[in-house]
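# for reference, the sequence and a predicted model appear below.
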Amino acid sequence: MSSPADPRPFNLLERASLWTSAFCMAGMAILMLAEILLRSVFNSTTEHSDELVGYLLVGVSFLSLALCQSRGAFHRVEMVQMRLGPRSQALSSLVFDVLSFAYIAVTGWYFVQFVMSSYRREAMASTVLATPLWIPESVMILGAAMLLLALAQSIVNDVRKLLA
């Protein structure tokens with residue numbers, strides 16, 4: 001079962017995650033609607049909407065991670081958690097969040113290496129736009145950094161619950 005909506009207000013990190021991913025989602029919708037309108041009414045096309053929508057999809061995927069983490073939207077093994085006491089639940093959450101933090105930190109480091117490699121090689125998309133690939137790839141770094149901050153907040157909260 002999923003938990004009820006979180007009544008607390010959004011903090012700065014959650015707002016940044018929400019607004020950046022919402023901007024990407026709105027951009028995707030606008031581009032797709034423009035493409036539909038151009039094709040059906042004017043028998044024309046933007047020719048670039050599929051590429052741009054793909055980049056924005058990456059943006060939605062990565063930039064929403066911090067909000068999902070802080071609001072508890074990721075899957076949890078509730079069947080196991082329900083059988084644990086409050087202290088064991090806090091310890092379980094702490095272990096999971098620390099392992100997640102370590103994994104995302106390592107993955108983020110490889111994202112940085114990947115983007116720096118694209119930048120040094122001056123890699124471009126093989127499309128008419130010839131987008132420098134480091135630009136859309138940088139969103140992965142930003143999303144991972146925001147997720148690390150959200151995980152750090154979760155770890156602090158887990159430690160507080162464990163010590164309470």
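Thanks, I have the structure now.
# doesn't Trp109 lie inside a helix?
Yes: secondary structure of Trp109 (DSSP: H, G, I helix; E, B strand; the rest coil): part of a helix.
# what's the weakest-modelled helix or strand in this protein?
helix 78-83 (a mean of 83; mean pLDDT, DSSP states H and E).
# tell me how far that helix is from the chain's mean position?
Taking the mean of its C-alpha atoms, helix 78-83 sits 26 Å from the chain's own mean (C-alpha atoms, centre = their mean, to the nearest Å).
# likewise for stretch 25-39?
22 Å.
# go on, stretch 38-50?
29 Å.
# start and end of that stretch, how far apart?
This stretch, stretch 38-50, spans 14 Å end to end (C-alpha to C-alpha, to the nearest Å).
# which residues does that stretch contact?
Leu31, Met32, Ala34, Glu35, Thr127, Val128, Leu129 (C-beta atoms under 8 Å, 6 or more residues apart in numbering). In short, each C-beta sits where N, CA and C put it, glycine included.
# likewise stretch 63-83?
The list of residues contacting stretch 63-83 from outside it, by C-beta under 8 Å, 6+ apart, reads 1, 3, 6, 11, 13-14, 16-18, 20-21, 24, 89, 92, 139, 142-144, 146-147, 149-151, 153-154.
# alright, that wraps it up for me.
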